[in-house]
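[1] Below is the sequence, then the predicted model.
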Amino acid sequence: MKRILSCILSVLFCVPFQAQDDPVIMKVNGYDVKKSEFEYFFRKNNTSAPVTKKSVMEYAELYLNFKLKVQAAVDEGMDKSESFLKEFRTYRDMQAADYMIDTAYLETVARSTYENSVREVGPDGLMLLHLIAITPKEVTDATMREAYAQITEVYDMLEAGQDFGRLALRYSNDSSAKDEGEAGWVSRSQLPMELADEVFSIKEGEYTKPILYDNTFFILKAGPRRDIGTYEDNRDDIMRYLENSTPAVADAMNRKANSYAKRLGWEERDGAAVARLDSLLEEVEPEFGNISREYHDGLLVFDISSREVWDKIGSSTKEMEAYFKAHAQEYKFQEPCFKGMVFFCIDESLFRQVEKALDGLDMSKWADTIVTFNRENVRLRAVRSSSETGIFRKGQNAYVDYVVFGEGEPKTIGSFQYANYVGKILTAPESMQDVASQVAEDYQKYLESQWVKSLRKKYKYKIYKRALKKVSI
């Protein structure tokens, strides 16, 4: 009796509490969509619209369609392809870094790095250093005398008023020469004492006499100075430096993984613990689990949608033509539209020449023909539609409104006073090309709806409306 009671209690007090905390919102071919997953995606995709019971239910239908597409991609084996796994792993690992690193520890290291830098910089702060350096290729008495003669000559030119940057560009064989001698911001501690004492003892804009150090002759110029700034001023740069420093990141990852290992009773430590945490990160960090799922499912849906819908738009001309004919009534213009071009010419005779040249010519070739009239000098201007169809609706272009429809204020282009048009006024499209973008958009929606219908027939699914009411956004 006690054993039976114990089993009943385990069912009552263990399973239901967990289910109530994160109940199943829907099932899709055996996959359970938990409340936490649904809420995460709902928040991501409903950032501005007011949240109502209706909007939650509507999103549930959309999310069901999304998960059906994921299932279809999985059935096709798309989640096992090398290209998918590589792309997913790249996205996943980029996001995982924030969860695999002890950020508090890294922040401590960053502050310590800043404090060390403050001590190293010292009271003199930082200086924007400029320099001219002359180093002989081979160090002999003769080459050193030659280098000294050259640096002395450069110094004399500086004294005569020549520009430091140009002289550095011409004579210096230091890597800073390409930047006209600008060597960057330096502290006293970063320079050899002999050079630091000289350059930090002069004022901004001044330069030293030639200095010999380590077989190189230098002329140093003092630039502006500044202090190192606050920790907040430098934090981003320090963090970027630490993130590119393997020891710092490795220590931060070890600390994070070891804390999990201790809490969850793992035997592994350091690198082995990091590997285990990485393999279980989606489970131990539910928030990251949703982020990882977002990339995983999103990439799959993109790939299979490309094949089932988007790629068919460009390769299904006959099918689109048939769709257009079957829905021709839907594409009638609400008011007359103009298909053609408006021309502003120097006189009517030129327009008649243009009109004759375009007669019987496909509109796609009009532009090349028009250019020929302006080869020697500009004699006409054409007003063309921004779309490939060449169709203008009223109110879309002021020139067309006036010249074609006789509405609005008279408008001319520069000195081209004569205006006329070549084309026709339509009440309905002549062919699918006249409304190609709209047909493509509608046909895509049609393909999408047909695909979703087939998926809903193929897979078993269920939305638990009672559980859906517990969604808290």
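    In hand now; what should we look at? Residues are numbered from 1 along each chain as shown.
[2] how about the most centrally placed residue in the chain, what does it touch?
    Nearest to the mean C-alpha position of the chain, by Cα atoms, centre = their mean, lies residue 91 at 12.8 Å. Going by Cβ atoms under 8 Å, 6 or more residues apart in numbering, residue 91 touches 295, 299. Glycine gets a C-beta too; all of them are placed from N, C-alpha and C.
[3] Repeat that for residue 330.
    Here residue 330 is in contact with residue 442 (Cβ under 8 Å, 6+ apart).
[4] Against residue 39, how distant is the residue nearest to the centre of the chain?
    Residue 91 is 22 Å from residue 39, where distance means Cβ to Cβ, to the nearest Å.
[5] my read: residue 66 touches residue 302, true?
    No - Residue 66 is beyond contact range of residue 302, at 11.3 Å (criterion: Cβ atoms under 8 Å).
[6] Which one's more surrounded, these two?
    More crowded of residue 66 and residue 302, by other Cβ atoms under 10 Å: residue 66, with 19 against 13.
[7] Confirm that that one sits in a helix.
    Yes - Residue 66 forms part of a helix when assessed by DSSP: H, G, I helix; E, B strand; the rest coil.
[8] Torsion angles phi and psi at residue 103?
    phi -70, psi -30 (degrees, to the nearest 10).
[9] Identify the residue nearest it in space, chain neighbours excluded?
    residue 252 (7.5 Å; Cβ to Cβ, 6 or more residues apart in numbering).
[10] Flag the shaky bits of the stretch 201-350 of the chain, pLDDT-wise.
    Within the stretch 201-350 of the chain, no range satisfies pLDDT under 70.
[11] one more time with 90
    243-246, 312-318 (pLDDT under 90).
[12] the helices in it, which residues?
    231-243, 246-264, 270-284, 286-305, 311-315, 317-326, 348-358 (DSSP state H, counting those that start in this stretch).
[13] would you list those in a markdown table and tack on distance to residue 140?
    Supplementary listing: the helices of the stretch 201-350 of the chain in a markdown table, determined by distance: least, Cβ to Cβ, whole Å:
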| stretch | distance to residue 140 |
| --- | --- |
| helix 231-243 | 41 |
| helix 246-264 | 43 |
| helix 270-284 | 53 |
| helix 286-305 | 63 |
| helix 311-315 | 71 |
| helix 317-326 | 79 |
| helix 348-358 | 80 |
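[14] For residue 120, find the nearest of those helices.
    Nearest to residue 120 among these is helix 231-243 (13.0 Å), distances taken as Cβ to Cβ.
[15] Who are the packing partners of the closest one?
    helix 103-121, helix 246-264 (3 or more Cβ pairs under 8 Å, 6 or more residues apart in numbering; DSSP states H and E).
[16] Distance from the last one to the middle of the chain?
    On the basis of Cα atoms, centre = their mean, to the nearest Å, the separation between the geometric centre of helix 246-264 and that of its chain is 30 Å.
[17] Same check on stretch 229-237?
    26 Å.
[18] Show me which positions of that stretch end up buried.
    residue 234 (16 or more other Cβ atoms under 10 Å).
[19] ranking the helices and strands packed on helix 231-243 by burial, who's on top?
    Ranked by mean neighbour count, these are led by helix 246-264 with a mean of 17 (mean count of other Cβ atoms under 10 Å).
[20] what angle separates that one from helix 270-284?
    60 degrees (axes from the mean of the first three to the mean of the last three Cα atoms, to 10 degrees).
[21] Look up how far residue 163 lies from the closest residue to residue 342 other than its chain neighbours.
    Once flanking residues are discounted, residue 342 sits nearest to residue 383: 4.0 Å by Cβ to Cβ, 6+ apart. According to Cβ to Cβ, residue 383 stands 53 Å off from residue 163.
[22] who has more neighbours, those two?
    Set residue 383 next to residue 163 and count neighbours by other Cβ under 10 Å: residue 383 wins out with 20 against 12.
[23] Pretty sure that one sits against residue 340.
    No - using Cβ under 8 Å, residue 383 is not in contact with residue 340; the gap is 9.7 Å.
[24] Can you list the buried residues in stretch 342-352?
    Here stretch 342-352 shows 342, 343, 344, 345, 350, 351 as buried, counting by 16+ other Cβ under 10 Å.
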